[in-house]
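Asker: build me a structure from this.
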Amino acid sequence: MADDRIFELRTYRSSPGNLEALSNRFKDHTIGLFAEHGISVTGFWVAPDEDDPTTGGLVYICDFPSREAATASWANFQADERWKAARAASEVPNGPLTSSVESRFMSPTEYSPIR
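Answerer: Numbers count the residues shown, from 1 in each chain. All right, here's what the predicted structure looks like:
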């Protein structure tokens, strides 16, 4: 049902100095796996810190047909051995690339053009 369509706003805070490495992990590994697991991305944005452009936020919005679909897609993605390997490899040089992750689900208003 079209009324069930939801969006997820995700904000990743990079660990110090790792904003580019975090962005590269999405570009080189995560995006392809997202597609395979039904995670459709509307867009990505970076928000570097003013005082340190190597650190900051990576923000993106996902689109799902329903909340249940989102739950299933994320579970399958997190269980994917290729994702686990890519994450582990990306953290070898400098440790974890993120210091925090925030997720918020949103439903479009009846007057939203994205509906």
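
Asker: looking at this, residue 43 is in a helix?
Answerer: No - going by DSSP: H, G, I helix; E, B strand; the rest coil, the assignment for residue 43 is strand, not a helix.

Asker: show me what contacts it?
Answerer: Neighbouring residues of residue 43 by C-beta atoms under 8 Å, 6 or more residues apart in numbering: 60-61. All C-beta atoms are positioned from the backbone trio N, CA, C, and that covers glycine.

Asker: measure it to residue 15 for me?
Answerer: 23 Å (C-beta to C-beta, to the nearest Å).

Asker: go on, residue 49?
Answerer: Counting by C-beta to C-beta, the gap from residue 49 to residue 15 is 12 Å.

Asker: overlap in contacts of those two?
Answerer: Common contact partners of residue 49 and residue 15 (C-beta under 8 Å, 6+ apart): residue 55.

Asker: which one's more surrounded, the two?
Answerer: residue 15 (18 against 14; other C-beta atoms under 10 Å).

Asker: next, count neighbours for the nearest residue to the more buried one once chain neighbours are set aside.
Answerer: Closest residue to residue 15 apart from its sequence neighbours, by C-beta to C-beta, 6 or more residues apart in numbering: residue 99 at 4.7 Å. Residue 99 has 12 neighbours, counted by other C-beta under 10 Å.
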